[in-house]
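K.L.:
Following is a predicted model, sequence given first.
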Amino acid sequence: MQSNKLTLIFIFLVFTSLSVSQGFAQQDRLWTLEECIDHAWENNLQLQQQKLSVDLAGENLTQSRANLFPSLNASASHSYNFGRTVDPFTNEFSTETVRTNNFGISTNLNLFSGLQVQNAIRQSRLDLDASQYDLERSYNDVALNVASAYLQVLFSIELVENAQNQVEISEQQVERTSKLVEAGTLPRGSLLTIQAQLATEELQLVNAENQLDLAYLNLSQIMFLPEDVEFAIAFPDVEITADEEPDRSPMKVYRVAINQQPEIRSADIRIASAERGLAISRGGRSPRLSLSGSYGSGYSEASLEIFDEQPTGLNQVFITNDGQQVLRPVTQFETRRKPFSDQLSDNLNRSLGLFLSIPIFNNYQVKTNIGRSQINLENARLQSQIVREQLFQTIQQSHADAVASLKRYVATEKNVVALEEAFRYTEQRFNVGMVNTLEYNDAKNRLSAAQSELLQAKYEYLFRMKILDFYMGNPLTFN
């Protein structure tokens, strides 16, 4: 009866463990590393923001080029004047409410401003190129993050499988020990110790499964997968050999990466952009020459015209010395508002002029602008050096970690082989009662710890090698 219960428990645990580790694999699709990276590129919100920055830089370039063209603006006004005012078209005082309209069109062309417009165009073009390289760098960062999360999932899957194997071994040993206890060969305490070991390993299995779930969650978040989408990654066939040590020195990798990595190109372009900015600031010292012109007309209700006249008699002007009267005719005039169209044609005004502005003193604005531009240029040069140093340090660290991980892997692999052999020997002796449960569990735990350390070294080496391959210009893939 006890044996049947243990068998049922064993079947249940094996089925549960397999369902956890293989549940994702039962999906219709297995995601490769390349597919995960492509999905992240398509859905990453930070990348979409970076694309908008590129679009914004493109608009700035368009505006810089458009500043070469003359401006053209039209204007119109409709107003009422109250009280005593001077009519702008009749130049007479009016005390009535007068409606006026003004219409005009004006243009302005910058002929010379110290080459500021031309330098602004060059700077905007450089800023656009730098933004595009920044976008490319963001793509690379996302790809590296996905690769790191992808390898973490692979590591977690193998941890789960390792924990499952340990549970299965302990379950089999519980069954054997139970039979030996029932036969009187071993004391009941041995069975209790093995059952406690099984409970511990079941807890380790649960922790490994939780770690796998979290690894999948982290990868799905980096990929911006919908919450209700379950997916499984393809498990590549990767093997490490003892003679697989990196054959490329950090300096060799750096010489290749410095000509390919977008952050280096972006930093260099930022220097050129800062140089254009300094030229723009220095252009503020130059005189400015511009051409302006305008064309307009207007209408006023106070503008009148005579449309009829009637003689009404004669008025005496004065009397001569000989007594004769000097008369003049008196005429009554009928007036009306001058028609709108007539006023527009009569009030036409045109202007065309050249304007020269020579900066003499403007509260040190030009001087401080030049100073800020010089600081920005020096900062861009330092930033370029910092980016290069960071790249070399990253390559150095990745190379050192890869070498150390490989050495650790080779040493641990030998240790695992030795511990497996030792465990088999201990297990055989335990089955015949020559070794107690404490010695058996100690050998088993040491083997499990070594296997976990072997997995850590394996995936640490794989990730560092992927980084070095990436900096050599190779795509992130396991093919």
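P.N.:
On my side now, so go ahead. Residues are numbered from 1 along each chain as shown.
K.L.:
And the host helix or strand of Y150, what does it pack against?
P.N.:
Element membership of Y150, judged by DSSP states H and E, is helix 116-183. The contact analysis (3 or more C-beta pairs under 8 Å, 6 or more residues apart in numbering; DSSP states H and E) places helix 116-183 against helix 2-22, helix 33-43, helix 45-66, helix 188-223, strand 232-233, helix 262-282, helix 365-431, helix 437-471. Where C-beta positions appear, they are placed from N, C-alpha and C, glycine not excepted.
K.L.:
now the last one against helix 188-223, angle please.
P.N.:
Our comparison of helix 437-471 with helix 188-223, counting by axes from the mean of the first three to the mean of the last three C-alpha atoms, to 10 degrees, yields an angle of 20 degrees.
K.L.:
Can you tell me which helices and strands helix 437-471 packs against?
P.N.:
Using 3+ C-beta pairs under 8 Å, 6+ apart, the elements in contact with helix 437-471 are helix 116-183, helix 188-223, helix 250-257, helix 365-431.
K.L.:
Compare the ones you listed and report which one is nearest to Y471.
P.N.:
Smallest distance to Y471 across the helices and strands packed on helix 437-471 (C-beta to C-beta): 4.0 Å, for helix 250-257.
K.L.:
any idea of the angle the closest one forms with helix 262-282?
P.N.:
Counting by the same axes, to 10 degrees, helix 250-257 lies at 60 degrees to helix 262-282.
K.L.:
what comes up buried for helix 250-257?
P.N.:
For helix 250-257, a neighbour-count test (16 or more other C-beta atoms under 10 Å) marks 250, 253-254, 257 as buried.
K.L.:
cool, and stretch 403-418?
P.N.:
By 16+ other C-beta under 10 Å, the buried positions in stretch 403-418 come out as 405-406, 408-410, 412-413, 415-416.
K.L.:
Also stretch 152-164?
P.N.:
Within stretch 152-164, the residues that qualify as buried are 152-164, counting by 16+ other C-beta under 10 Å.
K.L.:
number of nearby residues for the residue nearest to I169 when sequence neighbours are not counted?
P.N.:
Excluding its sequence neighbours, the residue lying closest to I169 (C-beta to C-beta, 6 or more residues apart in numbering) is K444, at 7.2 Å. Counted with other C-beta atoms under 10 Å, the neighbours of K444 add up to 22.
K.L.:
residues in contact with K444?
P.N.:
166, 169-170, 197, 423, 426 (C-beta atoms under 8 Å, 6 or more residues apart in numbering).
K.L.:
what's the answer for V117, then?
P.N.:
64, 67-68, 110.
K.L.:
Nearest to R372, out of those residues: which one, please.
P.N.:
Among the contacts of V117, S64 lies closest to R372 (C-beta to C-beta), at 19.5 Å.
K.L.:
Cross-check the contact I'm expecting between the closest one and N119.
P.N.:
No. Under the criterion of C-beta atoms under 8 Å, S64 makes no contact with N119, lying 9.3 Å away.
K.L.:
still on that earlier bit, need the winner for burial among the helices and strands packed on helix 437-471.
P.N.:
helix 116-183 (a mean of 20; mean count of other C-beta atoms under 10 Å).
K.L.:
Tell me what angle it forms with helix 262-282.
P.N.:
For helix 116-183 against helix 262-282, the angle by the same axes, to 10 degrees is 150 degrees.
K.L.:
What's the mean pLDDT across helix 116-183?
P.N.:
Averaging pLDDT along helix 116-183 gives 91.
K.L.:
Could you check the angle that helix makes with helix 45-66?
P.N.:
Put simply, helix 116-183 runs at 170 degrees to helix 45-66, going by the same axes, to 10 degrees.
K.L.:
chain center to helix 116-183: distance?
P.N.:
Relative to the mean C-alpha coordinate of its chain, helix 116-183 is positioned 20 Å out (C-alpha atoms, centre = their mean, to the nearest Å).
K.L.:
Same question for stretch 285-305.
P.N.:
Put simply, stretch 285-305 sits 48 Å off its chain's centre (C-alpha atoms, centre = their mean).
K.L.:
would TSV of the helices and strands packed on helix 116-183 with distance to L72 and mean pLDDT be doable?
P.N.:
Supplementary listing: these in TSV, determined by distance: least, C-beta to C-beta, whole Å; pLDDT from 0 to 100:
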stretch	distance to L72	mean pLDDT
helix 2-22	71	37
helix 33-43	43	93
helix 45-66	12	95
helix 188-223	51	90
strand 232-233	60	88
helix 262-282	25	96
helix 365-431	29	91
helix 437-471	52	87
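K.L.:
Tell me which of those sits nearest to R336.
P.N.:
Using C-beta to C-beta, the helices and strands packed on helix 116-183 put helix 45-66 closest to R336, at 48.1 Å.
K.L.:
Walk me through which strands whichever helix or strand comes after the closest one pairs with, and which way each runs.
P.N.:
Downstream of helix 45-66, the next assigned helix or strand under DSSP H and E is strand 71-81. Partners of strand 71-81 in the sheet, by DSSP bridges, are strand 98-112 (antiparallel).
K.L.:
Give the buried residues for the strand it pairs with.
P.N.:
For strand 98-112, burial by neighbour count (16+ other C-beta under 10 Å) applies to 98, 100-102, 104, 110.
K.L.:
Please pick the buried ones from the contacts of V117.
P.N.:
Buried members of these, counted by 16+ other C-beta under 10 Å: 64, 110.
K.L.:
from the contacts of V117, which is closest to L314?
P.N.:
Among the contacts of V117, and counting by C-beta to C-beta, the member closest to L314 is N110, at 65.7 Å.
K.L.:
so how far is Y295 from S351?
P.N.:
8 Å (C-beta to C-beta, to the nearest Å).
K.L.:
Those two: which is more packed in?
P.N.:
Neighbours were counted for S351 and for Y295 using other C-beta under 10 Å; Y295 has more, 15 against 11.
K.L.:
Now do the contacts for the more buried one.
P.N.:
104-106, 348-351.
K.L.:
Same question for A74.
P.N.:
A74 touches 103-105, counting by C-beta under 8 Å, 6+ apart.
K.L.:
any idea how far it lies from I105?
P.N.:
5 Å.
K.L.:
now I375
P.N.:
Distance, I375 to I105, using C-beta to C-beta: 43 Å.
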